[in-house]
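Enquirer: any chance you can model this:
(one chain, ligands or ions: 2)
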Amino acid sequence: GGAGSAEAARERAAKALAAARERTALLTSCVEDHELTAQHSPLMSPLVWDLAHVGNQEEQWLLRAVGGHEALRPEIDGLYDAFEHPRAERPSLPLLSPDEARRYAAEVRGRVMDLLDAASLDGSPLVDAAFAYGMVAQHEQQHDETMLITHQLRRGPAVLSAADPDPAPAHRGPAEVLVPGGPFVMGTSDEPWALDNERPAHVVEVAPFHLDTAPVTNAAFLAFMEDGGYHRPRWWRPEGFARLRSQGVRAPLFWRREGGQWLRRRFGRTEPVPPDEPVVHVSWYEADAYARWAGRRLPTEAEWEKAARHDPATGRSRRYPWGDEDPSEERANLGQRHLRPAPAGSYPAGRSPLGVGQLIGDVWEWTANDFLPYPGFSAFPYPEYSEVFFGSKYKVLRGGSFAVDPVACRGTFRNWDYPVRRQIFSGFRTARSARAERPVPGDGVPP
Ligand code: AVJ
Ligand code: FE
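Expert: Numbering: from 1, shown residues only. Ligands and ions are numbered 1, 2, ... in the order given. A predicted model of the protein is given here:
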């Protein structure tokens, strides 16, 4: 409450919405219009669909639900309903043209800014702390990541570029650390823009475990490949092995073997696979198989979040591995500032108190868990946001990638996808359970 915090929320919302639109504009103005209406992969929508969809969701959630406005163009709602039309059929719909889509999204935005200026920002959970505006900015940024995935799948010369991240510092620390067992608070009840699936805060007991201090690198993943990893069913879940056999998968997506070396295509350019970079574009099955080969396993979602948020000094759960302050360029590779993950060992300023690095940014990290509600979950504002996806079909990913904006990334943020998915910016790190330490007789440790 309070006029000051309402003003701060208004300002934060306006900035987040503007940043999202700037990113959307960049991703849809760097190719010609015919490339916006083309389908670059049956896995993805034409870019022009994402463009009008973000405008249409913004209209529904803000102008209609918050502002009580009439529909601007009621006839288009069905076209941009993700549940009504699967991605593969979207190019054959009578979609708005690129110019119409731009004009429509801009018209919605203009009215939203008027609404934000005029509206009272408390009194209902939808507008408290500008929640719905924050949700809409996060939604657009999530589609901006989706559009970047479409750009990665697109054939043809490069149209995007960005500076490369700095090399990792020489002092990398240990490969894994012990995260002590005991309870910690998972999820949140007080992060204003946290989405329904991150709520509520609840205590979870976690047994002691060891966790990689960095995501698994291309070099490590190559060792698995060179040891015949893709050919040995013993490392794989049967359904994952069957799937890779039928699709002829032998390497992460976008890799190609040529002249005795592995190359990868990245946003229209081809380069040798960089050994120190976190592996990306692997399915949950590939991550799971690698971990088993390495004598390890994927971390559970609770383990991941405890490593990312638990402060051993105070016992409190924090917003990020480094504390409660927002992400910065020194702490994490977020926001499409770079078009690749940074080498393992980067961002020492972003490490957790125990020394776990790159939990936020770089690559989405597969966890062991299905996407399920927390105890006390309640769908808000719509069951279509998360609730309809709960169940055993989806696995949870954590931590965000280089393509995620900070507004849609935090220690509690949960992403989910099918375990076969590979075009997303997905990587992983591994864990192992800590054996119960037996005191050595005579070492002074009481039994
Ligand atoms: C949370 C990334 C799985 O892209 O399907 C976008 C986000 N929800 N529009 C997705 C979302 C509605 C969602 N993920
Ligand atoms: Fe959407």
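
Enquirer: so which strand or helix has the residue of the stretch 1-150 of the chain found nearest ligand 1?
Expert: Closest approach between the stretch 1-150 of the chain and ligand 1, counting by C-beta to the nearest ligand atom: residue 142, at 4.3 Å. C-beta: built from backbone N, CA, C; applies to glycine. Assigned by DSSP states H and E, residue 142 belongs to helix 131-153.

Enquirer: which secondary structure elements does the next helix or strand after that helix sit against?
Expert: Downstream of helix 131-153, the next assigned helix or strand under DSSP H and E is strand 176-179. Packing contacts for strand 176-179, counted by 3 or more C-beta pairs under 8 Å, 6 or more residues apart in numbering; DSSP states H and E, involve strand 209-212, helix 301-309.

Enquirer: got the buried residues for stretch 417-433?
Expert: Buried residues in stretch 417-433, counting neighbours by 16 or more other C-beta atoms under 10 Å, are found at 417, 419-432.

Enquirer: ok, so of those, who is nearest residue 318?
Expert: residue 429 (19.4 Å; C-beta to C-beta).

Enquirer: hey, where'd the strands end up in the chain?
Expert: 176-179, 182-186, 202-206, 209-212, 255-258, 261-266, 269-272, 364-371, 391-398, 414-417, 426-427, 431-433 (DSSP state E).

Enquirer: output the ones you listed in JSON lines; the columns should cover mean pLDDT and distance to residue 36.
Expert: Output for the strands of the chain, formatted as JSON lines (pLDDT from 0 to 100; distance: least, C-beta to C-beta, whole Å):
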{"stretch": "strand 176-179", "mean pLDDT": "98", "distance to residue 36": "45"}
{"stretch": "strand 182-186", "mean pLDDT": "98", "distance to residue 36": "41"}
{"stretch": "strand 202-206", "mean pLDDT": "98", "distance to residue 36": "43"}
{"stretch": "strand 209-212", "mean pLDDT": "98", "distance to residue 36": "40"}
{"stretch": "strand 255-258", "mean pLDDT": "97", "distance to residue 36": "27"}
{"stretch": "strand 261-266", "mean pLDDT": "97", "distance to residue 36": "21"}
{"stretch": "strand 269-272", "mean pLDDT": "97", "distance to residue 36": "21"}
{"stretch": "strand 364-371", "mean pLDDT": "98", "distance to residue 36": "26"}
{"stretch": "strand 391-398", "mean pLDDT": "98", "distance to residue 36": "28"}
{"stretch": "strand 414-417", "mean pLDDT": "98", "distance to residue 36": "24"}
{"stretch": "strand 426-427", "mean pLDDT": "99", "distance to residue 36": "26"}
{"stretch": "strand 431-433", "mean pLDDT": "98", "distance to residue 36": "42"}
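
Enquirer: how about the ones you listed, which one is nearest ligand 1?
Expert: Proximity to ligand 1 (C-beta to the nearest ligand atom) singles out strand 414-417 among the strands of the chain, at 5.2 Å.

Enquirer: could you export the closest one as PDB, CA atoms only?
Expert: Presented in PDB, the C-alpha positions along strand 414-417 are these (Å, rounded to 0.1, in the frame of the first residue of the first chain):
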ATOM      1  CA  ARG A 414       9.600 -22.100 -12.800                       C
ATOM      2  CA  ASN A 415       9.700 -23.000 -16.500                       C
ATOM      3  CA  TRP A 416       8.400 -26.300 -17.900                       C
ATOM      4  CA  ASP A 417       8.600 -28.200 -21.200                       C
END
